[in-house]
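Enquirer: Here is a sequence with its predicted model. Questions after.
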Amino acid sequence: MHRHTIAVIGTGYVGLTAGACLASLGHQVVCADLDPVKVAELGRGDVRILEEGLPELVREGLDAGRLRFVAGAADAVRGARTVFICVGTPTGPDGRADLTAVDAVVEEIRTLLEPDSVLVTKSTVPVGTAARVTAALGRPDVGVVSNPEFLREGTSVSDFLQPDRVVIGSDSPWAAAQVAELYAGVDAPVVIADAASAEVVKYAANCFLAVKLSYVNALAELCEEAGADIGRVTTALGQDHRIGGAFLRPGPGWGGSCLPKDTRALLGTADALGVDFPLVRAAIDTNTHQRTRIADKIARLCGDADGSLNGVRIGLLGLTFKAGTDDLRDSPALALAAELARRGAELTAHDPAVPATRHTELPADITVVDDPHQAAKGASALVLCTEWPRYRGLDWARIAADLHHPVVVDTRNHLDPAALSAAGLAWHGTGTSPVE
Ligand code: UGA
């Protein structure tokens, strides 16, 4: 395999994963970040994000001399044949992705890029960004490529090294071929496209996933009213290969740093292009509805008839947007907590990835505890928000003794209803009948 020299700008979970994985494929990689403290930590192999397998891969790359970390993009691009931009693209005031960081990197490196090198956007960027970057570069000798990532937090290393597909979009065939070479060690179909199509794929995938989940969550509500069981419905649904069995688990709504941002961004892009896209808007509205619906359910079980929860203590299990990550961004657990607090509830929460010392990152009305049993003490209901495996093995008899009312609301159908029922607890799942 041909060994390439690569620069990666930005060491968030996308940049760091891409850098470490490309180094593990045998390439020579320099990763750059603006934050010198983070650069020093990473240079020592000190990875601060919870991402399975990533610390090991970073240390392996450092030890093999294939991975380096530097402060600032200028140092990284010197000698690099391919430069990946992996900086953040948060939501801007109009809902569209804010490209300030991407523009700043392009401006900083445009005159420093090696002749005949390739500049790749891996950050999630709206359609038209490759054209914008090409214009800002003013370097006809440099190829511009869109190579979107499909990494899930928590499993980003395996998603990078064993992806369903690699998408490479460019209007310069030689630049696309050069980026395809980097993935020679990855066993996956490579889709070569024009730059605009590759940029659309990223949003198309995330929005499709959001629509799929909102559909399941709406179905779950229907199942509850109809006396049907969402688990049986999704099992049969997923066996149709045209639908697929993945991403069909109901829950408190989808969250995280990507799906909420990308659905808003696609709507922003559609608006700007004069295209009406009510399907994605409906998926967002259905998602927002989940927190009201679950709060209504909790209020019915232990609050007042008017839906208020004044002075009612609620215990929360899980705060991160899904299990396997310590990320709290756009977490549905926090959205539900805010709705419960608005109705007057007093909240005590536990999350294995959010120690009580991280309480400053959370709204003041949530008390964080380091033991899940403590979250249950004196509560009128215990609500599971995040599917951490360890919650299945809790001491339910002890929890039954600690709870003020024997009510457990399992927003993700993660717990074993029979184990709860044996301990005298009533289990209230999503899209299914309660088990008393
Ligand atoms: C998502 C996409 O899955 C990745 O392919 C994409 O690369 C990434 O965004 C990104 O754009 O960077 P991620 O945000 O890490 O990845 O999380 P997911 O695993 O997709 O979960 C998103 C949300 O959906 C979570 O709140 C999760 O709990 C929820 N979910 C997921 C369900 O409620 N049910 C499911 O069956 C699956």
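Expert: That came through fine. Residues are numbered from 1 along each chain as shown.

Enquirer: interface residues of the stretch 1-150 of the chain facing the ligand?
Expert: Thr124, Glu149, Phe150 (CB under 6 Å from any ligand atom). In short, each C-beta sits where N, CA and C put it, glycine included.

Enquirer: Show me which helix runs longest in this protein.
Expert: In the chain, taking DSSP state H as the definition, the longest helix is helix 195-226.

Enquirer: Packing partners of that one?
Expert: helix 129-137, strand 143-146, strand 166-170, strand 190-193, helix 230-238, helix 259-272, helix 278-302 (3 or more CB pairs under 8 Å, 6 or more residues apart in numbering; DSSP states H and E).

Enquirer: okay, how far is it across stretch 93-102, tip to tip?
Expert: One end of stretch 93-102 to the other measures 17 Å (CA to CA, to the nearest Å).

Enquirer: and the residue sitting nearest the centre point of the chain, what pLDDT?
Expert: Taking CA atoms, centre = their mean as the criterion, Gly256 is the residue nearest the geometric centre of the chain, at 4.2 Å. We have a pLDDT of 97 for Gly256.

Enquirer: Quick check: closest non-adjacent residue to it.
Expert: In this structure, Gly256 finds its nearest non-sequential neighbour in Phe321, 4.2 Å apart by CB to CB, 6 or more residues apart in numbering.

Enquirer: For stretch 145-158, could you pull out the residues that count as buried?
Expert: Within stretch 145-158, the residues scored as buried using 16 or more other CB atoms under 10 Å are Val145, Ser146, Asn147, Pro148, Glu149, Phe150, Leu151, Arg152, Glu153, Gly154, Ser156, Val157.

Enquirer: near the ligand, which residues of the stretch 301-436 of the chain show up?
Expert: Selection of the stretch 301-436 of the chain residues close to the ligand by CB under 6 Å from any ligand atom yields Phe321, Lys322, Pro332.

Enquirer: Now list the buried members of those residues.
Expert: Neighbour-count burial (16+ other CB under 10 Å) applied to these gives Phe321, Lys322, Pro332.

Enquirer: Can you tell me which of those residues is closest to the ligand?
Expert: Lys322 (3.5 Å; CB to the nearest ligand atom).

Enquirer: Just confirm the closest one contacts Gly154, I think it does.
Expert: Yes - Lys322 is within contact range of Gly154, at 7.0 Å (criterion: CB atoms under 8 Å).

Enquirer: quick one, helices of the stretch 301-436 of the chain?
Expert: For the stretch 301-436 of the chain, applying DSSP state H, counting those that start in this stretch gives helices covering 332-342, 372-376, 396-402, 417-422.

Enquirer: any chance of those in CSV, with mean pLDDT too?
Expert: Below are these laid out as CSV (pLDDT from 0 to 100):
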stretch, mean pLDDT
helix 332-342, 98
helix 372-376, 97
helix 396-402, 98
helix 417-422, 98
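
Enquirer: show me what contacts Lys38?
Expert: By CB atoms under 8 Å, 6 or more residues apart in numbering, the residues touching Lys38 are Thr11, Arg48.

Enquirer: And the pLDDT for it?
Expert: pLDDT, Lys38: 97.

Enquirer: how does this protein divide up, domain by domain?
Expert: As recorded under automatic domain parsing, the domains making up the chain are 5-193, 194-436.

Enquirer: Quick one: end-to-end distance for the first one.
Expert: With CA to CA as the measure, domain 5-193 spans 24 Å from end to end.

Enquirer: Quick check: the closest residue to Leu347 other than its chain neighbours vs Arg48, distance?
Expert: Spatial nearest neighbour of Leu347, chain neighbours left out: Ile366 (4.8 Å); criterion: CB to CB, 6+ apart. Remark: distance between Ile366 and Arg48 (CB to CB, to the nearest Å) = 23 Å.

Enquirer: Looking only at neighbour counts, state which of those two leads.
Expert: Ile366 (20 against 11; other CB atoms under 10 Å).

Enquirer: who's in contact with that one?
Expert: Contacts of Ile366 by CB under 8 Å, 6+ apart are Leu316, Leu319, Ala337, Ala341, Leu347, Thr348, Ala349, His359.

Enquirer: Check the fifth one and give its pLDDT.
Expert: Spelled out, that is Leu347. With respect to pLDDT, Leu347 scores 98.

Enquirer: Run through the bridge partners of it.
Expert: Ile314, Ile366 (DSSP bridges).

Enquirer: just checking, it touches Ala337?
Expert: Yes - when contacts are counted by CB under 8 Å, Leu347 is listed as touching Ala337 (5.6 Å).

Enquirer: what is in contact with the two at once?
Expert: Common contacts of Leu347 and Ala337, defined by CB under 8 Å, 6+ apart, comprise Leu316, Asp365, Ile366.

Enquirer: and those as TSV, adding pLDDT and distance to Lys202?
Expert: Shown next, in TSV, are those (pLDDT from 0 to 100; distance: CB to CB, whole Å):
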residue	pLDDT	distance to Lys202
Leu316	98	32
Asp365	93	36
Ile366	96	33
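
Enquirer: Among these, which one lies nearest to the ligand?
Expert: Comparing the shared contacts of Leu347 and Ala337 against the ligand with CB to the nearest ligand atom places Leu316 closest, at 15.0 Å.

Enquirer: quick one: the closest residue in space to the closest one that isn't next to it in sequence from Ile314, how far?
Expert: In this structure, Leu316 finds its nearest non-sequential neighbour in Ala349, 3.9 Å apart by CB to CB, 6+ apart. The spacing between Ala349 and Ile314, counted by CB to CB, is 9 Å.

Enquirer: repeat for Ala337
Expert: From Ala337 over to Ile314 (counting by CB to CB), the distance is 9 Å.

Enquirer: between the two, what contacts are shared?
Expert: Leu347.

Enquirer: what's the burial count for His359?
Expert: Neighbour tally, His359, other CB under 10 Å: 15.

Enquirer: so who does the spatially closest residue to it that is not a sequence neighbour touch?
Expert: Closest residue to His359 apart from its sequence neighbours, by CB to CB, 6+ apart: Val368 at 4.6 Å. Applying CB under 8 Å, 6+ apart to Val368 gives the contacts Leu319, Thr348, Ala349, His350, Asp351, Val354, Pro355, Ala356, Arg358, His359, Leu362.

Enquirer: of those residues, closest to Thr11?
Expert: Arg358 (21.2 Å; CB to CB).

Enquirer: Show me the shaky parts of the stretch 101-250 of the chain.
Expert: Within the stretch 101-250 of the chain, no stretch has pLDDT under 70.
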